[in-house]
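Enquirer: just the structure for this:
(2 chains)
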Number of protein chains: 2
Amino acid sequence: MNLSLLVDLYELTMACAYFTYKRKTRASFDLFTRELPPNRSYLVFCGLDDILSYIKNLKFTKEDLDYLRKQKLFPDDFLKYLSNFKFQGDIWAMPEGTIFFAKEPVIRVTASIIEAQIMESFLLNTVNLQSMIASKASRIVEAARGREVFDFSLRRTHGQDAGIKVARAAYIAGFSGTSCVLAGKLYNIPVIGTMAHSFVMSFRQEMDSFLAYAETFPTRTTLLVDTYVTRKGIENALAVGQYLKEKGFRLKGIRLDSGDLVNLSKLARSLLDKAGLNYVKIFASGNLDEFKIDALLRRGAKIDNFGVGTHMGVSIDAPALDVIYKISEVTDERGRFLPTMKLSQGKVTYPGRKQVFRLQDRKGRYLKDILGLEKEKIRGRPLLIKVVQNGRLIYKSPSLDKIREDFLNDLSRFPKELRSVYSKYKYPVIISPGLKRLRQALAHQLRTRQ
Amino acid sequence: MNLSLLVDLYELTMACAYFTYKRKTRASFDLFTRELPPNRSYLVFCGLDDILSYIKNLKFTKEDLDYLRKQKLFPDDFLKYLSNFKFQGDIWAMPEGTIFFAKEPVIRVTASIIEAQIMESFLLNTVNLQSMIASKASRIVEAARGREVFDFSLRRTHGQDAGIKVARAAYIAGFSGTSCVLAGKLYNIPVIGTMAHSFVMSFRQEMDSFLAYAETFPTRTTLLVDTYVTRKGIENALAVGQYLKEKGFRLKGIRLDSGDLVNLSKLARSLLDKAGLNYVKIFASGNLDEFKIDALLRRGAKIDNFGVGTHMGVSIDAPALDVIYKISEVTDERGRFLPTMKLSQGKVTYPGRKQVFRLQDRKGRYLKDILGLEKEKIRGRPLLIKVVQNGRLIYKSPSLDKIREDFLNDLSRFPKELRSVYSKYKYPVIISPGLKRLRQALAHQLRTRQ
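Expert: Down below sits the predicted model:
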């Protein structure tokens, strides 16, 4: 699908006005969020890969232009401009998997104001979904304390694109795999599946369904035991486990999808162990999230793997990130960049070309971030790196596995309090002296000018 | 994008086991939801159009099959079967825009059990998103009491597919248009846009930005007045309104995006009216939902149009529908359909081939629905109609405008209490005597059998 029209109309009408009045104006925009959503003490940046491929492929086709012409909004010279449109600016971004906080720009675009404006809708849409999901998924991985977690959310993600992007973002955040086959194919993520209740119900006896599945996949069978009476289901699974064992195979697992997961998992574990099937894993699913997983494990549930669907796949407690894309500087008549900012009530922004600096101690543990001006001399690792220069990609995304590994390693360097499910910890993000001064001076100047 | 692999892996592993053990078995599945989400007294069915096109185009390509082969899960004969896969069953569905309630199947699939199973992930994903959004959007339209509402959600919808599907579903529910240009192009929905704060900020003075926009779009300018000091912004808009008037044009509107919308809109209305600009519309936006719109109007806000984004676009108070796809009957060895049901704790289903009957009084007002067996003689209009027969499409979707019109007309026939924003009203859905009897007998039989 050509994505050039996946844009809010006003980006194009503004671009058209710029085309007449500000054709040579350049500007910088920051993509960031003013506040962390509820229950979040950190966010995980994702979506850069899609953004780079969007930038590379962005093109208004004849069909697109015909549609725009029919709106009777745009003069011909502007449509002609769009027909040759190509992004030619610079983009700075955090690498995918970077942990970020409120106020910190994750992307900075510096370009002709027309080009920078037209990007807005796509950039926000992409970062909103993917960072929101990675952030939620990371909490669930933390709650599972080393146990494996799998993405089962395809049926409740918001549409087809979300189906695959959620699987990818969750994998970056530490999930071990997904049920979504297309995501597996596109991103080389491990795919996993068990069986559904309908499978069990389509056979006359539960046992018949278990045997049919086990015969078909003797090395990869996880039996769903709660369709009728869970205790009976576990006993049937034991019998299948023994049967496979006699044939030289190992039953992989059983799945609990309803009922009291603490007691059922304890019961299953003890019955499995007594039957010499200690290698059979107990898999739990059913509207799980980080809070439920945390509670299950605190209460001693004997669960080895979690399947997590809806709650992760729609980030149910925070189904939107308040990501925004705000202009921070713009050139004057002589082409000099002048910082700018918004003053609307409760919606103030930070002016100028900024950088995020992350400070660590000698052992590599992160201490705080400083949001400063790009040119300020500040200790700490700068998180924004240049990925597009004059419209040309100068950054090669690491492999998905490398992104995942870097993220998990990075997360372990933050204070432990950050990672607790019920964390109220606020990682320090300091505004640099230079940025503070600029902001105050500019606010005064703008209020006077208007 | 080929969607055959947009499927949970277990659909394919189950299909593979069916292929060995139940190749000739046929089954029926119902797609429904057990409960309405919070704050919902009705749901609006959407997604059929995408489902029919999925059914029509579903095909496992060589590339898909190569990927599946690499999983080392599936025997060659099953992959060969998939290479020739084509849905050949029957589908019954409610027309798009039909209002539905808990327990009521919106789709029923009767097919070879393999084919019916493989549909599951896509059907759920599609109905979940589109019905969830139409249901939320309808509440917002009701809250606006005849004022126009526009979809501004693209930047916060969950990805690209959601971006366009949300616009479509909201339009069906009564929205007047969308900011998403691609949705406008694909579905012929009116597109709309105003201007962003960045536009205003890119000019030295607010007034310069207003004039530039007004000169570019003299008949379609809505000025965003809250970038700096809203009262000053309104005054600047007045001046632009006068200027356009002198040139023979009409300023279309002003937009308020922050602050106290009640008082600001009253102020704006009175200033506009005094200046002879009573035709200028007041447009409000900024994290609006049905509750806020209802409150604004109760408090006398002078708002003509609402732009609604995030809250509608992610259905923020209920970002997932608990839609499920459950087997309801399956053939025995002799090919006879036998009803079946699930008994898991809290997850019981209704067996057999069902129909939803909607009863009305002489004036066409809806009284109640009856969920019954297809063969039962029940008064009332059957809501499920056959849309696919032996794999062939036998239903032509109405135009989007017709779907929208039918929906709005249909909604007006329900009790008024249903449509209030704070409604606790529960529309009666009765289980027919035949279905009740079947369910009791079958529950007993299944418990005994296992």
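Enquirer: going by C-alpha atoms from here, please, whenever you check contacts or count neighbours.
Expert: OK.
Enquirer: give me the number of residues near residue A:448?
Expert: Close neighbours of residue A:448, defined as other CA atoms under 10 Å in any protein chain shown, add up to 8.
Enquirer: phi and psi next, for it.
Expert: For residue A:448, the backbone dihedrals (degrees, to the nearest 10) come out as phi -70, psi -40.
Enquirer: same deal with residue A:414?
Expert: The phi and psi values for residue A:414, taken as degrees, to the nearest 10, are phi -90, psi 160.
Enquirer: got it, and residue A:240?
Expert: For residue A:240, the backbone dihedrals (degrees, to the nearest 10) come out as phi -70, psi -40.
Enquirer: my read: it touches residue A:211, true?
Expert: Yes: counting by CA atoms under 8 Å, residue A:211 is a contact partner of residue A:240 at 6.7 Å.
Enquirer: do the helix or strand hosting residue A:283 and chain B meet?
Expert: Here residue A:283, judged by DSSP states H and E, is contained in strand A:281-284. No: Strand A:281-284 is not in contact with chain B by CA under 8 Å from any CA of the partner chain; minimum separation 14.5 Å.
Enquirer: tell me how far that strand lies from the chain's centre.
Expert: Centre-to-centre, strand A:281-284 and its host chain are 26 Å apart (CA atoms, centre = their mean, to the nearest Å).
Enquirer: got the CA positions of it in PDB?
Expert: The C-alpha trace of strand A:281-284 is given here as PDB (Å, rounded to 0.1, in the frame of the first residue of the first chain):
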ATOM      1  CA  LYS A 281       5.900 -27.200  31.200                       C
ATOM      2  CA  ILE A 282       2.800 -25.500  32.600                       C
ATOM      3  CA  PHE A 283       1.500 -22.700  30.300                       C
ATOM      4  CA  ALA A 284      -1.000 -20.200  31.500                       C
END
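Enquirer: so which residues make contact with it?
Expert: For strand A:281-284, the external contacting residues (CA atoms under 8 Å, 6 or more residues apart in numbering or on different chains) are A:252-257, A:261, A:265, A:268-269, A:302-307.
Enquirer: hmm, 6 Å instead?
Expert: For strand A:281-284, the external contacting residues (CA atoms under 6 Å, 6 or more residues apart in numbering or on different chains) are A:253-257, A:303-306.
Enquirer: where does the prediction get shaky in the stretch 301-450 of chain A?
Expert: A:344-345, A:450 (pLDDT under 70).
Enquirer: now the helices for it?
Expert: Remark: helices assigned in the stretch 301-450 of chain A by DSSP state H, counting those that start in this stretch are A:310-313, A:400-411, A:433-449.
Enquirer: need those in TSV (columns: distance to residue B:375).
Expert: Below are these laid out as TSV (distance: least, CA to CA, whole Å):
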stretch	distance to residue B:375
helix A:310-313	36
helix A:400-411	54
helix A:433-449	73
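Enquirer: tell me the most buried of the ones you listed?
Expert: When neighbours are counted by mean count of other CA atoms under 10 Å in any protein chain shown, the highest per-stretch mean among these falls to helix A:310-313, a mean of 28.
Enquirer: using CSV, list the CA coordinates for that helix.
Expert: Output of helix A:310-313 as CSV, limited to C-alpha atoms (Å, rounded to 0.1, in the frame of the first residue of the first chain):
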residue,chain,number,x,y,z
THR,A,310,-5.4,-8.5,24.7
HIS,A,311,-3.9,-6.6,27.7
MET,A,312,-0.6,-6.3,26.0
GLY,A,313,-1.8,-6.1,22.4
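Enquirer: is chain B contacted by that helix?
Expert: No: residues of helix A:310-313 are not located near chain B by CA under 6 Å from any CA of the partner chain, the shortest gap being 7.1 Å.
Enquirer: tell me how far residue A:365 lies from residue A:404.
Expert: 19 Å (CA to CA, to the nearest Å).
Enquirer: nearest to chain B, of the contacts of strand A:281-284?
Expert: Among those, residue A:257 lies closest to chain B (CA to the nearest CA), at 9.1 Å.
Enquirer: burial of the closest one, as a residue count?
Expert: Residue A:257 has 23 neighbours, counted by other CA under 10 Å.
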